[in-house]
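Novice: have a look; sequence and predicted model below, questions after that.
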Amino acid sequence: MKFFYMIWVMVAVFISGFFAGYIYSDHMQSRVAVVDIAQVVANSAQVQSLKAEQDMHNAELNQWVQEVQKKINAEGDQAKKEKLVKQYSAELEAKKNTYGQRYVTALQSIDQNLNDTIVSEAKKKGYKFIIAKGMIIGGGDDITADVVKNIK
């Protein structure tokens, strides 16, 4: 009977050692990719285009506000002036909301595209984990240059 228990104990030790080795080797084989997100964003043509578009919209809004101020200042009747201020304030708010929604939608699309590019590049190179460069002190393989080459 003792012999039977000894065999079971040896089998249990062997199995636990096998699984411990498997888990250890799996973690040792896990590769970590590190990406400098700020550099990826700075090199994105989509981000640069969106920024230029946003700057253009801001310039248009500023020009429109200056024209509106001239119209309001030119009005002599105080009641009409107040009516114009309310009207133009509502128009300005509508324009801001429209531009804001377009910006948010475009930004979300760009963000998804950049994330997809980063994940795709990491998978191509066999990485299991991707960490932003600012979140890690040391270790990992920097794949930022490869991602920058593949962003649109």
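Specialist: Looks like it came in fine. Numbers count the residues shown, from 1 in each chain.
Novice: so where's this protein uncertain?
Specialist: Along the chain, segments meeting pLDDT under 70 span 1-29, 152.
Novice: just the helices in it please.
Specialist: Under the criterion DSSP state H, helices of the chain are mapped to 2-29, 37-42, 45-74, 78-124, 144-150.
Novice: using CSV, lay out those together with distance to residue 135.
Specialist: Every C-beta, even on glycine, is put in place using the N, C-alpha and C of the backbone. Supplementary listing: these in CSV, determined by distance: least, CB to CB, whole Å:
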stretch, distance to residue 135
helix 2-29, 19
helix 37-42, 9
helix 45-74, 21
helix 78-124, 14
helix 144-150, 14
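Novice: mind putting these into TSV with mean neighbour count?
Specialist: TSV is the format used below for these (neighbours: other CB atoms under 10 Å):
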stretch	mean neighbour count
helix 2-29	10
helix 37-42	15
helix 45-74	12
helix 78-124	13
helix 144-150	16
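Novice: tell me which of the ones you listed sits nearest to residue 132.
Specialist: Closest to residue 132 of the helices of the chain, according to CB to CB: helix 37-42, at 5.1 Å.
Novice: who does that closest one touch, helix- and strand-wise?
Specialist: helix 78-124, helix 144-150 (3 or more CB pairs under 8 Å, 6 or more residues apart in numbering; DSSP states H and E).
Novice: need those in CSV with distance to residue 53, can you?
Specialist: Shown next, in CSV, are the helices and strands packed on helix 37-42 (distance: least, CB to CB, whole Å):
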stretch, distance to residue 53
helix 78-124, 8
helix 144-150, 22
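Novice: residue contacts, the residue lying closest to residue 132 once chain neighbours are set aside?
Specialist: Spatial nearest neighbour of residue 132, excluding adjacent residues (CB to CB, 6 or more residues apart in numbering): residue 37 at 5.1 Å. Residues near residue 37 by CB atoms under 8 Å, 6 or more residues apart in numbering: 132-134.
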